[in-house]
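sequence first, predicted coordinates after that:
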Amino acid sequence: MNANIEPDTLLAIDVGSVHTRASLFDVVEGRYRLVASGKALSTAGPPLFDVREGVRIALDELQAVTGRKLIDDTETLIMPVTGGGMGVDICVATGSAGPNLRAVLIGLMDDISLESGRRLAESTYLTMIEEIGLTDRRGEDEKLDSILRAKPDVLLVVGGTDGGAAASVLSMVDLVSLATGLMPDGDRPHVVFAGNRTLAAHVAERFTEATPVALTANVRPDLEQEDLAPARTRLAEVVSESRANKVAGYDELVQWSGGYMMQTADAFGRMIRYLSQVYDPAKGVLGIDLGGSHTTLAASFSGDLRLSVRSDMGLGASLPGLIQHTKLDSISRWLPEEISDADILNYVHNKASYPATIPAEKDELLLEFALAREIMRSSLRLARRGWPRKGNLRDSMLLPPMEPILAAGGILARAPHPGYTALAILDAFQPVGITTLVLDPHGLTSALGVAAGPAPMVSVQVLNSGNYVSLGTVVSPVGGGKLGRPVLNVRLDTEGEGEGMEGEVRAGQLVMLPLRLGESGRLTLRPEKDYDVGFGGPGKAGALRVSGGILGLIIDARGRPLILPQDPEARRELAGKWLWDIGVRE
């Protein structure tokens, strides 16, 4: 197919840890639209360890919905479209399913190369088992034993600026070479070298052909500069190759897609980076994909992507990992009803054993959203260590200005009322100023990220096609003061209608103003002198055009940072009140 000709029909396949999804895009009235999706339980894990069965079932469902034959009698994807309208013009694929890969990080200085190496490892599906640096006081034999005991799938070596440290870096490489030489040929891990580029040839010659070695750009070309992007791309390729060796069927997806297959997290990050280049350059864009085995958090500032993948936190098999990052009372503080620590732990472990289950009772639904809040909060706290400084916020712990915040993931998409999802996002991220909450209910973001390669217009047009849902515009004043104190005056004039709405918002309130999905209005904000709503400083007033959402316009004057009562009963009562305020009346 001519690279300059956009295909008419595109199939996107995503193999997740819990579900496999097949989405069909076609041209409708001159623009790309999502036509239909098919979904099945993923089969990357036991007992099959073969993604093909889940893909086949998802495609069968898609064929049944659309009446379009996609697979021929030999179980091969029909491509391109035939004269009879069967098949698709192009296929793209993403994947996050598969066993967690074990990694060992080897580098020099803890706060320089090793810190960059950690951020690199956290950008993909790796679990860090061991770390070795210059300040490690263990002897060479102990370091060697630690590598062998870790049984790594990936050995990540960093250190030295370009043209800088050589002897110390090569000493670390020699240790890695010795360790791999003691492993059976078929079980040797991938070695990824992302250190001093001038040493690349010396590094390569220290390993035999039995050890796969990937040389990539230095994560720290100089002391003041960190550049993870090239190394992240190469590491993602290594991770994909390692997973393909452990789970059958990925090679077939690569063949179907003609090489347009990406890690789900990388494709998700690509779309967040694109959005940051088309939205307000003074703000960042934040994306969260809350999965069963992994949680991906992507933040991009004018095209500068910061990607974090937590393989130890998800709302499924990896849910017990959350307990390593937060306390049980941090989970229960979001609940409007009392649930014991024992019941929380039981639910966590049952959910990890049966990740495809959905809440059957209201208390289970409330608990899942409390868990989702803490997963998102913990992911943000760990990820933002690598973010650039942004803005002049009163409190450095506050989120930088973001527009929009995009959320994906099963629990967020299937909520019985959008208020559950919106409140969880507000509680977890606590945005400041003015932002929009956008929901990806069909899990399309990663599909559009990989589709941007062969068919960029698909990504552009589907983003604006109504497949994404605006939960609403949110105004979050930043300032201090007692509950009940005036925060700002608000006026909303809906376009094309009569008199506007006007009123005063006080500290502690969560106020909803009606502005339906598809409607626009002019919003005028006049904050009190020590409150900032994003118009240039405390007390600065302003007006802007805003768009409606499912929940309308949300004024979140509960405070930044959000402070909850110490008394458990008062805290539960407040949690219930907030659900009521945001429209949940169940």
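That came in fine, so what should we check first?

pLDDT score for Ile5?
pLDDT, Ile5: 58.

determine the three-state secondary structure at Leu155.
Judged by DSSP: H, G, I helix; E, B strand; the rest coil, the three-state class of Leu155 is strand.

tell me, how many residues neighbour it?
Neighbour count of Leu155, defined by other C-beta atoms under 10 Å: 27. C-beta: built from backbone N, CA, C; applies to glycine.

and the gap between it and Ala12?
Separation of Leu155 from Ala12 (C-beta to C-beta, to the nearest Å): 33 Å.

and for Asp440?
Counting by C-beta to C-beta, the gap from Asp440 to Ala12 is 13 Å.

quick one, which of those two is more surrounded?
Using other C-beta under 10 Å as the criterion, Asp440 and Ala12 rank with Ala12 on top: 30 against 24.

which residue is the nearest non-sequential neighbour of the more buried one?
With sequence-adjacent residues excluded and distances taken as C-beta to C-beta, 6 or more residues apart in numbering, Ala12 is closest to Ala447, at 3.6 Å.

surely the one you found touches Ala267?
Yes - taking contacts as C-beta atoms under 8 Å, Ala447 lies within contact range of Ala267: 7.3 Å.

mind listing the shared neighbours of these two?
In terms of C-beta atoms under 8 Å, 6 or more residues apart in numbering, Ala447 and Ala267 are both contacted by the residues Thr94.

pLDDT below threshold where in the stretch 1-150 of the chain?
Residues of the stretch 1-150 of the chain meeting the criterion pLDDT under 70: 1-5.

go with 80
For the stretch 1-150 of the chain, the stretches with pLDDT under 80 are 1-6.

do the same with the chain
Scanning the chain for pLDDT under 80 picks out 1-6, 386, 388-397, 481, 496-499, 585-586.

returning to what we had before: please identify the buried residues of the helix or strand encompassing the residue nearest to Ala12?
Remark: Ala447 resides in helix 445-451, with elements defined by DSSP states H and E. Using 16 or more other C-beta atoms under 10 Å as the test for burial, helix 445-451 gives 445-451.

stretch 63-73 now?
With burial defined by 16+ other C-beta under 10 Å, the residues of stretch 63-73 counted as buried are 63, 68, 70-71.

again, but for stretch 448-464
Residues of stretch 448-464 classed as buried: 448-455, 458-463 (neighbour count, 16+ other C-beta under 10 Å).

please identify which two of the residues you listed are farthest apart in space.
Maximum pairwise distance in the buried residues of stretch 448-464, criterion C-beta to C-beta, is 16.6 Å, between Pro454 and Leu463.

and the residue most central in space within the chain, helix, strand or coil?
Central residue of the chain (C-alpha atoms, centre = their mean): Thr296, 2.5 Å from the mean position. When classified by three-state DSSP, Thr296 comes out as strand.

check contacts around it.
264-265, 268-269, 287-289, 307-310.

so Ala383, which state does it fall into?
Ala383 falls in the helix class when you classify it by three-state DSSP.

and for it, the neighbour number?
For Ala383, using other C-beta under 10 Å, the count is 24.

any idea how far Ala267 is from it?
Distance from Ala383 to Ala267, by C-beta to C-beta: 18 Å.

quick one: the helices in the stretch 451-586 of the chain, in order.
Here the stretch 451-586 of the chain has its helices, by DSSP state H, counting those that start in this stretch, at 456-463, 568-581.

now those as JSON lines including distance to Asp556?
Formatted as JSON lines, the helices of the stretch 451-586 of the chain follow (distance: least, C-beta to C-beta, whole Å):
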{"stretch": "helix 456-463", "distance to Asp556": "26"}
{"stretch": "helix 568-581", "distance to Asp556": "10"}
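
wait, which of the ones you listed is closest to Gly552?
Per C-beta to C-beta, nearest to Gly552 of the helices of the stretch 451-586 of the chain: helix 568-581, 12.1 Å.

alpha carbons of the closest one, as CSV, please.
The C-alpha coordinates for helix 568-581 follow below in CSV (Å, rounded to 0.1, in the frame of the first residue of the first chain):
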residue,chain,number,x,y,z
PRO,A,568,-13.8,8.4,60.8
GLU,A,569,-17.5,9.0,61.1
ALA,A,570,-17.2,12.6,59.9
ARG,A,571,-14.9,11.4,57.0
ARG,A,572,-17.5,8.8,55.9
GLU,A,573,-20.3,11.3,56.1
LEU,A,574,-18.3,13.8,54.0
ALA,A,575,-17.4,11.1,51.4
GLY,A,576,-21.1,10.3,51.0
LYS,A,577,-22.0,14.0,50.7
TRP,A,578,-19.5,14.5,47.9
LEU,A,579,-21.0,11.6,46.0
TRP,A,580,-24.4,13.2,46.4
ASP,A,581,-23.0,16.6,45.4
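
tell me the domain ranges of the protein?
Per automatic domain parsing, the structural domains of the chain span 9-97+248-259, 101-245, 266-581.

ok, His410 - contacts?
Just to correct that, residue 410 is Gly rather than His. Gly410 neighbours (C-beta under 8 Å, 6+ apart): 18-19, 290-292, 315.

in TSV: those residues, plus secondary structure and neighbour count.
Shown next, in TSV, are these (DSSP: H, G, I helix; E, B strand; the rest coil; neighbours: other C-beta atoms under 10 Å):
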residue	secondary structure	neighbour count
Val18	coil	21
His19	strand	20
Leu290	strand	27
Gly291	coil	30
Gly292	coil	25
Leu315	coil	26
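
now distance to Phe49 too, for those, in JSON lines please.
Output for the contacts of Gly410, formatted as JSON lines (distance: C-beta to C-beta, whole Å):
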{"residue": "Val18", "distance to Phe49": "15"}
{"residue": "His19", "distance to Phe49": "17"}
{"residue": "Leu290", "distance to Phe49": "25"}
{"residue": "Gly291", "distance to Phe49": "19"}
{"residue": "Gly292", "distance to Phe49": "17"}
{"residue": "Leu315", "distance to Phe49": "23"}
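
which one of the residues you listed is nearest Ser168?
Gly291 (38.9 Å).

if we ignore the residues flanking it in sequence, what's nearest that closest one?
Gly314 (5.1 Å).

for that neighbour, grab the count of nearby residues.
Neighbours of Gly314 (other C-beta under 10 Å): 28.

for Val104, same thing?
For Val104, the neighbour count with other C-beta under 10 Å is 27.

verify the stated contact: it with Leu148.
No - the criterion here is C-beta under 8 Å, and Val104 misses it with Leu148 at 9.9 Å.

quick one: the closest residue to Asp227 other than its chain neighbours from Leu228, how far?
Counting by C-beta to C-beta, 6+ apart, Asp227 lies nearest to Pro221, which is 6.0 Å off, once chain neighbours are set aside. According to C-beta to C-beta, Pro221 stands 11 Å off from Leu228.

okay, the two: which has more neighbours?
Leu228 (22 against 17).

quick one, what contacts the more buried one?
Contacts for Leu228 (C-beta under 8 Å, 6+ apart) come out as 116, 119-120, 123, 219.

same thing but 6 Å
120, 219 (C-beta atoms under 6 Å, 6 or more residues apart in numbering).

next: the one 5 residues further on.
When contacts are counted by C-beta under 6 Å, 6+ apart, Thr233 touches no other residue.

can you say which helix or strand has it in it?
Take DSSP H and E as the rule and Thr233 turns out to sit in helix 229-246.

name the residues of that helix that are buried.
For helix 229-246, by 16+ other C-beta under 10 Å, it's 231-232, 234-240, 242-244.

before we move on, back to that, identify the bridge partners of the residue nearest to the centre of the chain.
Applying DSSP bridges to Thr296 yields these beta-bridge partners: Asp289, Val309.
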